[in-house]
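>>> With the sequence up front, the predicted model follows.
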Amino acid sequence: MPAPVADVPLMGGPRPKVLVVDDMKVYRDVLGEHLERAGFEPVMAGNGLEGLDRFSEGGIAAVITDHDMTKMNGLEMAKRIKEASPKTGIIMVSGNHQVEERFKKGLPQEIDAFIPKPINFKRQVLPHLERLVRLRE
């Protein structure tokens, strides 16, 4: 019987860790399930400060973060992560229409991709994630 997708390493190596930062637990849980099925190891955080703490533990290949969160928003967290680790890919998601309109004019340099909520993991997130993890290697 073949191994479950979650046990199949991406590109033949260890499962890349993806930091998921969102203040909505249900969103983190659903995204975490998708990541596991796609062969990634999700690492969860509920806000930007917690995300920085989890990132500092090491081994994070990419980050998926919401923009609007308490304590520290996703953009501020992304800036700090890129200062420490410029090759770490960051995907920002948001259901805030004003953020979406601002990012249509151009992404901040800390953000590698922007996806408006609601998202489709397979069509929208996975292609960016696979590209960002490959670029990091």
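Happy to help now that I have it.
>>> Quick one: residues in contact with stretch 125-137.
Here stretch 125-137 makes contact (Cβ atoms under 8 Å, 6 or more residues apart in numbering) with 10-11, 16, 18, 31, 34, 38, 40, 61-62, 64, 87-89, 91, 112-113, 115, 119. Any C-beta I mention is one placed from the backbone N, CA and C, and that applies to glycine too.
>>> how about stretch 82-97: buried residues?
Going by neighbour count (16 or more other Cβ atoms under 10 Å), the buried part of stretch 82-97 is 82, 88-94.
>>> no no, stretch 97-115
Quick answer for stretch 97-115 (16+ other Cβ under 10 Å): 99-100, 103, 110-115.
>>> Can you say which helix or strand has V133 in it?
Using DSSP states H and E, V133 falls within helix 126-136.
>>> Send me that helix as PDB with only the CA atoms.
Below are the C-alpha coordinates for helix 126-136, written out as PDB (Å, rounded to 0.1, in the frame of the first residue of the first chain):
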ATOM      1  CA  LEU A 126       0.500  25.300  -3.900                       C
ATOM      2  CA  PRO A 127       2.200  26.600  -7.100                       C
ATOM      3  CA  HIS A 128       3.700  29.600  -5.200                       C
ATOM      4  CA  LEU A 129       4.800  27.500  -2.300                       C
ATOM      5  CA  GLU A 130       6.500  24.900  -4.500                       C
ATOM      6  CA  ARG A 131       8.300  27.700  -6.400                       C
ATOM      7  CA  LEU A 132       9.400  29.500  -3.200                       C
ATOM      8  CA  VAL A 133      10.700  26.300  -1.600                       C
ATOM      9  CA  ARG A 134      12.700  25.400  -4.800                       C
ATOM     10  CA  LEU A 135      14.200  28.900  -4.900                       C
ATOM     11  CA  ARG A 136      15.400  28.500  -1.300                       C
END
